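[1] Please find the sequence and the predicted model below.
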Amino acid sequence: MKAPDLQVNIAGITFANPVLTASGTCGTGEELARVIRLKDLGGFVTKSISVEPRPGHPAPRVAETTAGMLNCIGLQNVGLDRFLAEKLDLLRDSGTKVIVNIVGRKIGDYVEAARRLDGARGIDLLELNLSCPNVKEGLDNGADPRWVHSCVAGVRQVTTTPLIAKVTPNTHDIAELAKAATDGGADAVSAINTLVGMAIDIKTHRPRLSNITGGLSGPAIKPVALACVHKISQAVAVPVIGIGGIMTGADAIEFFLAGATAVQVGTATFREPTACVDIVRQIKNHLKANNIPAVTKLIGAMKKQ
């Protein structure tokens, strides 16, 4: 049997393999490039970039939890001007697909960021962060299907770059948000972002995060993420990118079976910086061992009981 085919296609873009980084966990690539070859990734997703620089929340803003971690980074980033001037060159020359995640306080901010990034060399897709639980406007707006539709539609008017809508799980119906995003012009949906959580220090009686609550990620959220991905894949016709607690190739394969075309890996890289390329290898080995010719054969292939 020849080597299995790991390629997947999202919005007309061919990815060498289905494993991407998750926004906010690997910055803009400098640190990760010291330990792996970025070209071995299916794609690199930047941390959220806003039009204006954002300082984020004060420390403490990361706390370890059982089977996961909490963070309230607060969308800290250098802003669009510095990203374009100082950060994009590394990514455009990295040999992997580049997805720039953008965020704003209002719809006009998303539109402005997308307009300025449109046509920039080296950017393959944009991911709209419609779901950050660490800032008030991200949580409140991202749970409203009408706002999600308006935001995606506004961005769609100013760019031809393929759009991924990253939707929040902190809602009563994530499929409704996904449908609103695709109706607005999204070419793919990524899910899930972190769940709202908190932790308290029993010695000081103080919250362990400066923002009191933060986003829960890691293996603890994987069952929730799988259920959301499956629900979304049944509701929309565009590719779904699965996110949430993916630590191994086996985890990634579960997401493919649930309906994901690709996955994003985040918290795992804090424990092992090579996690993404390790997961690529494990997926390939699984396909070989089970005589599966292509990873696309797994997408949505979960059998009913």
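    Thanks, I have it.
[2] residues near the residue nearest to G184 when sequence neighbours are not counted, how many?
    Closest residue to G184 apart from its sequence neighbours, by C-beta to C-beta, 6 or more residues apart in numbering: V152 at 3.3 Å. Where C-beta positions appear, they are placed from N, C-alpha and C, glycine not excepted. Using other C-beta atoms under 10 Å, V152 has 24 neighbouring residues.
[3] Wait, a helix at V152?
    Yes: V152: assigned to a helix according to DSSP: H, G, I helix; E, B strand; the rest coil.
[4] if I read this right, it contacts A186, doesn't it?
    Yes: look at V152 against A186 with C-beta atoms under 8 Å: they come within range, at 5.1 Å.
[5] Need the residues touching each of those two.
    128, 163, 165 (C-beta atoms under 8 Å, 6 or more residues apart in numbering).
[6] Format the residues you listed as a markdown table; extra columns: neighbour count, distance to K47 and pLDDT.
    As requested, these are exported to a markdown table (neighbours: other C-beta atoms under 10 Å; distance: C-beta to C-beta, whole Å; pLDDT from 0 to 100):
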| residue | neighbour count | distance to K47 | pLDDT |
| --- | --- | --- | --- |
| L128 | 27 | 14 | 98 |
| L163 | 25 | 18 | 98 |
| A165 | 31 | 17 | 98 |
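[7] Out of these, which is nearest to V229?
    The closest of these to V229 turns out to be A165 (C-beta to C-beta; 13.8 Å).
[8] where does the protein have low pLDDT?
    1, 132-140 (pLDDT under 70).
[9] Quick one: the helices in it, in order.
    Ranges of helices in the chain, per DSSP state H, are 80-82, 88-92, 107-117, 136-142, 145-156, 174-183, 222-235, 249-258, 268-271, 275-289.
[10] buried ones in stretch 76-93?
    Neighbour-count burial for stretch 76-93 flags 76-78, 80, 83-84, 87-88, 90-91 (criterion: 16 or more other C-beta atoms under 10 Å).
[11] Turn those into a markdown table, including distance to A16.
    Formatted as a markdown table, these follow (distance: C-beta to C-beta, whole Å):
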| residue | distance to A16 |
| --- | --- |
| Q76 | 30 |
| N77 | 27 |
| V78 | 28 |
| L80 | 28 |
| F83 | 24 |
| L84 | 25 |
| K87 | 22 |
| L88 | 20 |
| L90 | 18 |
| L91 | 15 |
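[12] closest to Y110 among those residues?
    Closest to Y110, out of all of the buried residues of stretch 76-93 and judged by C-beta to C-beta, is L80, at 11.5 Å.
[13] Relative to S210, how far out is that closest one?
    26 Å (C-beta to C-beta, to the nearest Å).
[14] what about F256, distance to I232?
    14 Å.
[15] Please identify which of those two sits among more neighbours.
    I232 (29 against 24).
[16] so the more buried one touches A258, yeah?
    No: I232 is beyond contact range of A258, at 9.4 Å (criterion: C-beta under 8 Å).
[17] give me the number of residues near the residue lying closest to R156 once chain neighbours are set aside?
    Leaving aside its sequence neighbours, R156 sits nearest to G185 (C-beta to C-beta, 6+ apart; 3.3 Å). Neighbour count of G185, defined by other C-beta under 10 Å: 16.
[18] swap in A188?
    Neighbours of A188 (other C-beta under 10 Å): 25.
[19] Tell me which residues touch it, please.
    With C-beta under 8 Å, 6+ apart, A188 has these contacts: 10-11, 125, 162-165, 238-241, 261.
[20] ok, back up a step: closest one to I292 out of the shared contacts of V152 and A186, please.
    Nearest to I292 among these, with distances taken as C-beta to C-beta, is A165, at 29.6 Å.
[21] looking at it, the closest one is touching L130, isn't it?
    Yes: at 5.9 Å, A165 and L130 qualify as touching, with contact defined as C-beta under 8 Å.
[22] Any chance you could list residues touching both of these two?
    148, 152, 181.
[23] Tell me the one among those nearest to N291.
    Taking the shared contacts of A165 and L130 together and measuring to N291 by C-beta to C-beta, the closest member is A181, at 36.7 Å.
[24] Return the distance of the closest one relative to F255.
    19 Å.
[25] Kindly report the same for Q305.
    Look at Q305 and F255: by C-beta to C-beta, they are 19 Å apart.
[26] do the same with F270
    In terms of C-beta to C-beta, F270 sits 19 Å off from F255.
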